[in-house]
Structure formats: structure tokens, C-alpha cells
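> Provided below for reference: sequence and predicted model.
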Amino acid sequence: AQSVTQLGSHVSVSEGALVLLRCNYSSSVPPYLFWYVQYPNQGLQLLLKYTSAATLVKGINGFEAEFKKSETSFHLTKPSAHMSDAAEYFCAVSESRDDKIIFGKGTRLHILP
Amino acid sequence: GAVVSQHPSWVICKSGTSVKIECRSLDFQATTMFWYRQFPKQSLMLMATSNEGSKATYEQGVEKDKFLINHASLTLSTLTVTSAHPEDSSFYICSAGGGANTEAFFGQGTRLTVV
């Protein structure tokens, strides 16, 4: 069964600094991997998605993630943090044989002025 | 992009009553929808897969008799929390779509408070 581990339930970075949110996955088949963002009391918005094409995936709002099979990782990065990036971020995995998406526990990103 | 709409966005009910939450795909057909539950400051836990025209598939540990799912059409799935108790208070989110070539779209969520 697939699973996702997000390291760090809270991450704080200064405005303008690099954002790095870590995600490791486990899957018995080649996975599809996702990063979602959630603002308070709202649903989820897809940031980016890996589906076995390019290993470096670019998403919205300047975010990108790199799929590294050897490390079973899919870390999310952004070169320069903005205050508006403060939110909860979820890494998720899905297997090709169904559309179920399994989420990590989430990482709350805090942006320091 | 495609839109998934949930209704209501929030509901308060008395303990022992039942509450129905609707999830609609507004501009696409969804043979499969998913229901998630999110406790405060925690992740989304998949509750069940809603299958159009057939029984839902529940994840381990989810009480099927308490969380009734009906997927009677290609654009509507409903989740009914029966005999609600305060511990059922949570944020419930549905999704539709997904897989390799499509994006999963999430509803805006329903905040259920049982008093």
C-alpha cells in the first residue's frame, strides 16, 4: 500500500528565503505524486503533479518539485518565499490502478517578515 | 478548470440527528468520487470511494453504517452522517477526478459541528 511521509509538521522561513518542504513516499508500483496547498477552512488546490514524465515538475506560484526514485522523495521548493505562501501543504501519492489519493500529515509553512 | 461543489459549507446539528453532505461535479461526469475527513490541524484521511451505481468502498476502520454514501448519478455523491455524535465533528472534503491524465478536484469542504 502506498504511503507518504512529510518531515516537519511546521516549517518557518523568512520572506525571500528558500522554501523546502520534504516528502518521501512508499509505493509498490510507479506512483503519481502531488503537492496540494490548503488555506484555512478551504479545500485543496493542486500545486503540481508528477505522472512519470519529467522528473522536475514546475507548478503554480513559483513552486517546483523533483522526483527522485533512488531516494523515494518528492520535495517541494520555491526559491523565494512570499507572505502569501503561508498555508498548509500536503504531499500525496496515488497508484495508477485507482484514483485514490493518500495524503501525508501536512506541513504548515510559516513566513517570517 | 473543473469544479466540485460541496453543500453545505458548514452545518451544526444536535447529537443523534443525521446530516447529509452533497458533492457535485459541476461540469464533468465522475464515476468515482472520494470522501475525506480532516481533524483540526491534521491530514486528510480517506474515508471511502464512492462508485456511481454501486456500493461505496470503505477504508479500514470507517463505519459504513454510520457514514452512508450514495452515488446515484454521474454528478452527485452524498455522504450522510447518521446518528451524529460530537466526535463526528470534523471537516469533510470530497474529490472527483484524478489519475494520470486528469486532475483531482476538491470541494471546498464542509465543517460539521455536532452539539
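Yep, that arrived. Numbering: from 1, shown residues only, chains lettered A, B, ... in the order given.
> measure the most centrally placed residue in chain A to residue B:28 for me?
In chain A, the residue lying closest to the centroid (CA atoms, centre = their mean) is residue A:35, at 3.4 Å. Taking CB to CB, to the nearest Å as the measure, residue A:35 falls 23 Å from residue B:28. All C-beta atoms are positioned from the backbone trio N, CA, C, and that covers glycine.
> picking up where we left off before, is the residue nearest to the centre of chain A within a helix or a strand, and which one?
Here residue A:35, judged by DSSP states H and E, is contained in strand A:31-38.
> That strand near chain B at all?
Yes: using CB under 8 Å from any CB of the partner chain, strand A:31-38 reaches chain B at A:32, A:34, A:36.
> Quick check: closest non-adjacent residue to the first one.
Counting by CB to CB, 6 or more residues apart in numbering or on different chains, residue A:94 is the residue found nearest to residue A:32 once chain neighbours are left out, at 4.5 Å.
> Look up phi and psi at the one you found.
Backbone torsions for residue A:94, taken as degrees, to the nearest 10, come to phi -140, psi 150.
> Report pLDDT for it.
pLDDT for residue A:94: 86.
> ditto for residue A:98
In this model, residue A:98 carries a pLDDT of 62.
> Report how many residues lie close to residue 15.
No chain specified, so I'll use chain A. The burial count assigned to residue A:15 is 13, neighbours taken as other CB atoms under 10 Å in any protein chain shown.
> oops, chain B please
So residue B:15, with other CB under 10 Å, has 12 neighbours.
> so the residue nearest to residue A:32 makes contact with residue A:36?
No: applying CB atoms under 8 Å as the test, residue A:94 and residue A:36 come out as separate, 11.8 Å apart.
> what's the nearest residue to residue B:3 if we skip its chain neighbours?
Spatial nearest neighbour of residue B:3, chain neighbours left out: residue B:26 (4.4 Å); criterion: CB to CB, 6+ apart.
> pretty sure that neighbour is in contact with residue B:5, am I right?
Yes: using CB under 8 Å, residue B:26 is in contact with residue B:5, at 5.6 Å.
> higher neighbour count, those two?
Between residue B:26 and residue B:5, counted using other CB under 10 Å, residue B:5 has the larger neighbour count: 15 against 11.
> Give me the nearest residue to that one, chain neighbours excluded.
Nearest residue to residue B:5, sequence neighbours excluded (CB to CB, 6+ apart): residue B:24, at 4.8 Å.
> Mind giving me the packing neighbours of the helix or strand harbouring the one you found?
Remark: residue B:24 resides in strand B:19-25, with elements defined by DSSP H and E. With contacts defined as 3 or more CB pairs under 8 Å, 6 or more residues apart in numbering or on different chains; DSSP states H and E, strand B:19-25 has these neighbours: strand B:4-7, strand B:10-13, strand B:32-38, strand B:76-81, strand B:90-96, strand B:110-114.
> Partner strands of it and their direction?
For strand B:19-25, the paired strands and their directions (DSSP bridges) are strand B:4-7 (antiparallel), strand B:76-81 (antiparallel).
> residues in contact with that strand?
Contacts to strand B:19-25, defined as CB atoms under 8 Å, 6 or more residues apart in numbering or on different chains, come from residues B:2-8, B:11, B:13, B:33, B:35, B:50, B:74-81, B:84, B:92, B:94, B:96-97, B:105, B:107, B:110, B:112.
> Off-centre distance for that strand?
With CA atoms, centre = their mean, to the nearest Å as the basis, strand B:19-25 stands 7 Å off its chain's centre.
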